[in-house]
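Colleague: Here is the input, now give the coordinates:
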Amino acid sequence: MQVNVFQNPYCVIERKPEDKIHRNKPPPIVSLLKYENLVLKDQKDKDFKEAKRDNKGKKLVEPLHRPRYSIPVIPRIKPPLEENKQRAEDILDDILPPREIVDGKRVWVQRVSSAPVGPHEVARLKDQLEFQMLQRDAFKQGLCPTRRDLYEQCFDELVRQVAVTCAERGLLLARVRNEIRTTITAYQALYESSIGFGMRKSLESASKKAALEAMVAKLEEENTQLESELKEKSAQYEAELNKTKDMQDAAQKTREEEICFLMKGNHDIKDQYEDIISQCMAPAAAS
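Modeller: Numbering: from 1, shown residues only. Okay, here's the model as predicted:
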């Protein structure tokens, strides 16, 4: 049977030519995780109910009046391989839930592939990862959402391959994956909360800065007024000081003039007194 594959050599979805609804299906979503063919949601639910009814077996209804020699009905026993396959598919659905694609009024469902895996699947996954890294221009270093998305898809594909081989090991690996995602989500929440805290602090500091700038402007204005008042008071002080100095100099000069005048008068009086004494002493010496 010939199988057509999409132009992308690393596409994981295969379609058959005899599929009647092939032309009506939406375009595939390229992913490193291997999926089965698209199925309409109503058809999937119908197949699931039929499979569930077949797995459980038909319910036996015993008549009220059973014949004496009736042949007992033996329920269908599920083969071990089919039971294990169904269990593996259920575990895959729990680990990697099917994705839904809305195409107008129709909803398509695509389940994870439960086909057996081999060593070539790992090589194919490696080639797909490298191809997608180059095609989507993912950074090899630093933070890159594209590279993280591709590696998450790669890890999911590894979980699928391990779960197909050993369901218990796949469950444990899915638990490790969920723990890693929970840790990353916690770090993201912590980062977002820290950014919010930083933004709040920056806004608070901006509001405080505006208030402080207004206070600084007010204080600078008051300082300017005080400086102008100081200059006025200094000018008044200098004027009063010069005025007081001039008054002191004038008073000192007046006192010095008065002293000179008094000393001159005293000298004149002393001269007059000596002349009078000499005149009085002259007759007495002559007699």
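
Colleague: Can you name every helix or strand that the helix or strand harbouring residue 230 contacts?
Modeller: Secondary structure assignment for residue 230, by DSSP states H and E: helix 167-286. Helix 167-286 sits against helix 80-95, helix 145-165, with contacts defined as 3 or more C-beta pairs under 8 Å, 6 or more residues apart in numbering; DSSP states H and E. From N, CA and C alone the C-beta is placed, and that goes for glycine too.

Colleague: Can you say which of the ones you listed is packed in most?
Modeller: Most buried of those by mean neighbour count (mean count of other C-beta atoms under 10 Å) is helix 145-165; its value is a mean of 18.

Colleague: pLDDT weak spots in the stretch 151-287 of the chain?
Modeller: The model of the stretch 151-287 of the chain has pLDDT under 70 over residues 284-287.

Colleague: Could you check how many residues crowd around residue 210?
Modeller: Counted with other C-beta atoms under 10 Å, residues neighbouring residue 210 total 10.

Colleague: That one and residue 102, how far apart?
Modeller: Using C-beta to C-beta, to the nearest Å, residue 210 is found at 50 Å from residue 102.

Colleague: Also residue 117?
Modeller: The value you get for residue 117 to residue 102, if C-beta to C-beta is used, is 30 Å.

Colleague: Looking only at neighbour counts, state which of these two leads.
Modeller: A count of neighbours by other C-beta under 10 Å puts residue 117 above the other of residue 117 and residue 102, at 20 against 10.

Colleague: Name the nearest residue to the more buried one, sequence neighbours excluded.
Modeller: residue 161 (4.4 Å; C-beta to C-beta, 6 or more residues apart in numbering).

Colleague: Which pLDDT value goes with residue 74?
Modeller: For residue 74, the model assigns a pLDDT of 41.

Colleague: List the buried residues of stretch 97-109.
Modeller: For stretch 97-109, burial by neighbour count (16 or more other C-beta atoms under 10 Å) applies to 98, 101, 108-109.

Colleague: between the residues you listed, which is nearest residue 184?
Modeller: residue 98 (23.8 Å; C-beta to C-beta).

Colleague: Look up phi and psi at the closest one.
Modeller: Per-residue torsions, residue 98: phi -60, psi 150 (degrees, to the nearest 10).

Colleague: hang on, it packs against residue 108?
Modeller: No: look at residue 98 against residue 108 with C-beta atoms under 8 Å: they stay out of range, at 9.9 Å.

Colleague: State the distance from the residue nearest the centre of the chain to residue 186.
Modeller: The centroid of the chain falls nearest to residue 192 when counting by C-alpha atoms, centre = their mean (3.7 Å). Residue 192 sits 11 Å away from residue 186, going by C-beta to C-beta.

Colleague: Is residue 107 in a helix, a strand, or coil?
Modeller: Here residue 107 is recorded as strand under DSSP: H, G, I helix; E, B strand; the rest coil.

Colleague: For the residue lying closest to it once chain neighbours are set aside, report the pLDDT, please.
Modeller: Nearest non-adjacent residue to residue 107, counting by C-beta to C-beta, 6+ apart: residue 41, 4.3 Å away. Predicted confidence (pLDDT) at residue 41: the value is 75.

Colleague: So residue 41 is in contact with residue 103, correct?
Modeller: No: contact criterion C-beta under 8 Å: residue 41 and residue 103 do not qualify, at 10.8 Å.

Colleague: who touches both of these two?
Modeller: Taking C-beta atoms under 8 Å, 6 or more residues apart in numbering as the criterion, residue 41 and residue 103 do not both touch any residue.

Colleague: For residue 243, see how far away residue 129 is.
Modeller: From residue 129 over to residue 243 (counting by C-beta to C-beta), the distance is 98 Å.

Colleague: ok, those two, which is more surrounded?
Modeller: More neighbours surround residue 129 than the other of residue 129 and residue 243, with 19 against 10 (other C-beta under 10 Å).

Colleague: name the element the more buried one belongs to?
Modeller: Using DSSP H and E, residue 129 sits in helix 119-135.

Colleague: Contacts for that helix next, please.
Modeller: Outside helix 119-135, the residues that touch it by C-beta under 8 Å, 6+ apart are 10, 12, 30, 32, 138, 140, 147, 150-151, 154, 157-158, 161.

Colleague: Make sure residue 114 is indeed in a helix.
Modeller: No: according to three-state DSSP, residue 114 belongs to no helix; its state is coil.
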